[in-house]
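Novice: heads up, no residue letters with this:
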């Protein structure tokens, strides 16, 4: 059976990749979202097993020791990771999986899945990114400056991605990603079985 | 300025690439169709400069001696070729060009434009291809057998193409090619200017 496609949505913090991911999944329900595991407590409105797999530190450490995570990171004292089993199973069943993940995580995933489709979501400008991070209201001026500095560094990693999507308008960005998914399914490397069938029928 | 994209539609004879090309150009008027030059006389309904550039043998030979053709071939005693100037000018102006061309010609184009987008259009099956060639009514049983033999050889060249599109339904095939064009415009290699602009603004 033809393997599914691993679609990795990534980009600097504040570019709106979370919103784009949500809209993409709504418009392409055939895609399977890989839910991250985290040790941080659920926030109001977050749904267990949908927003995150909320696990204890002990469970997380067990996953680590069993090599059950494709990648993981510690952010502000909490652990986050991508469970391997879900991704592997879906792909092996020929189903396409979406990962929404930070830039460092995406680079780790790329080492394990070089054949994945890596999409880099960028803001229209750093000025606009600054406005968006400010609007969140959750960061101090120092934290904002730090995030913008990180964004600049992360933008220099764009060359490791297959595609760049500018998020100037969510609907437009989502349509482009839909096209990318459709196009990727047409790649010759993913259709050798069809070619063989035509030649041998 | 960002170079335009060269989109090459190709595939074995009888797969319907001509029809697909026409529909694609109708639905994406921003694409520019590269008109071939030929020494054969115009058929009823063919429009000078739209269907083909109809030229004399002398003119064709002059184009050849001036290296004015990207590729050329002799078919049933008549010459066909792709004028270089139109393709070069459009691409340099950042405009996208569509070539609809046989498999041998596509391979020659690939040597000169490895960065082009090569799309291989295939029939649902060789049996279906046989039905389609029969329907044309213009081939003898021997010629049909020969075409099918060629098709099988040509299918083995699919690996040289970026994408494979099965033409089981024209509208579906055209939509996939539209997605491919949209996706290719999002490729990181084609968006370095945007990334530079974000980082340097």
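Specialist: Ah, there it is. Worth saying up front: this structure is predicted, and the values here are computed from it rather than measured.
Novice: Now do residue A:60, the pLDDT please.
Specialist: Per-residue confidence (pLDDT) for residue A:60: 97.
Novice: Skipping its backbone neighbours, what lies nearest the residue nearest the centre of chain A in space?
Specialist: Note on chain A: the residue nearest the mean C-alpha position is residue A:100, at 2.1 Å, using CA atoms, centre = their mean. Residue nearest to residue A:100 in three dimensions, not counting chain neighbours: residue A:21, with 4.1 Å by CB to CB, 6 or more residues apart in numbering or on different chains. In this view, the C-beta of every residue, glycine as well, is placed from N, C-alpha and C.
Novice: The one you found: helix or strand, and which one exactly?
Specialist: Following DSSP states H and E, one finds residue A:21 within helix A:17-27.
Novice: Check what contacts that helix and list those residues.
Specialist: A:9-11, A:31, A:33, A:98, A:100, A:121, A:165, A:167, A:170-171, A:173-174, A:177-178 (CB atoms under 8 Å, 6 or more residues apart in numbering or on different chains).
Novice: Please identify the pairing partners of the helix or strand just after that helix and their relative orientation?
Specialist: Using DSSP H and E, the helix or strand that follows helix A:17-27 in sequence is strand A:32-33. Using DSSP bridges, strand A:32-33 pairs in its sheet with strand A:97-100 (parallel).
Novice: Give the burial count for the residue nearest to residue A:100, as a bare number.
Specialist: 21 (other CB atoms under 10 Å in any protein chain shown).
Novice: gap between it and chain B?
Specialist: As defined by CB to the nearest CB, to the nearest Å, residue A:21 lies at a distance of 16 Å from chain B.
Novice: Which pLDDT does the model give that residue?
Specialist: So residue A:21 comes in at 96 (pLDDT).
Novice: before we move on, what about residue A:56?
Specialist: Value listed for residue A:56 in the pLDDT field: 97.
Novice: Who are the contact partners of the closest residue in space to it that isn't next to it in sequence?
Specialist: Counting by CB to CB, 6+ apart, residue A:39 is the residue found nearest to residue A:56 once chain neighbours are left out, at 6.9 Å. Residue A:39 makes contacts with A:54, A:55, A:56, A:57, A:60, A:78, A:79, as judged by CB under 8 Å, 6+ apart.
Novice: okay, the residues you listed in TSV with secondary structure and neighbour count next?
Specialist: Formatted as TSV, these follow (DSSP: H, G, I helix; E, B strand; the rest coil; neighbours: other CB atoms under 10 Å in any protein chain shown):
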residue	secondary structure	neighbour count
A:54	strand	16
A:55	coil	18
A:56	coil	9
A:57	helix	10
A:60	helix	21
A:78	strand	13
A:79	strand	20
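Novice: Just give the number of residues close to residue A:90.
Specialist: Neighbours around residue A:90, by other CB under 10 Å: 20.
Novice: For it, give its distance to residue A:3.
Specialist: 10 Å (CB to CB, to the nearest Å).
Novice: Walk me through the domains of chain A.
Specialist: A:1-31+A:96-201, A:35-95 (automatic domain parsing).
Novice: Show me what from chain A comes close to chain B.
Specialist: Residues of chain A that fall close to chain B, judged by CB under 8 Å from any CB of the partner chain: A:120, A:122-127, A:152, A:155-156, A:158-159, A:161-166, A:175-176, A:178-180, A:182-184, A:186-188, A:191, A:194-195, A:197-199, A:201.
Novice: Ramachandran coordinates for residue A:81?
Specialist: phi -160, psi 160 (degrees, to the nearest 10).
Novice: Next up, the contacts around it.
Specialist: Counting by CB under 8 Å, 6+ apart, residue A:81 makes contact with A:36, A:37, A:38, A:60, A:63, A:64, A:69, A:70, A:71, A:72, A:73.
Novice: mind running it again at 7 Å?
Specialist: A:36, A:37, A:60, A:63, A:69, A:71, A:72 (CB atoms under 7 Å, 6 or more residues apart in numbering or on different chains).
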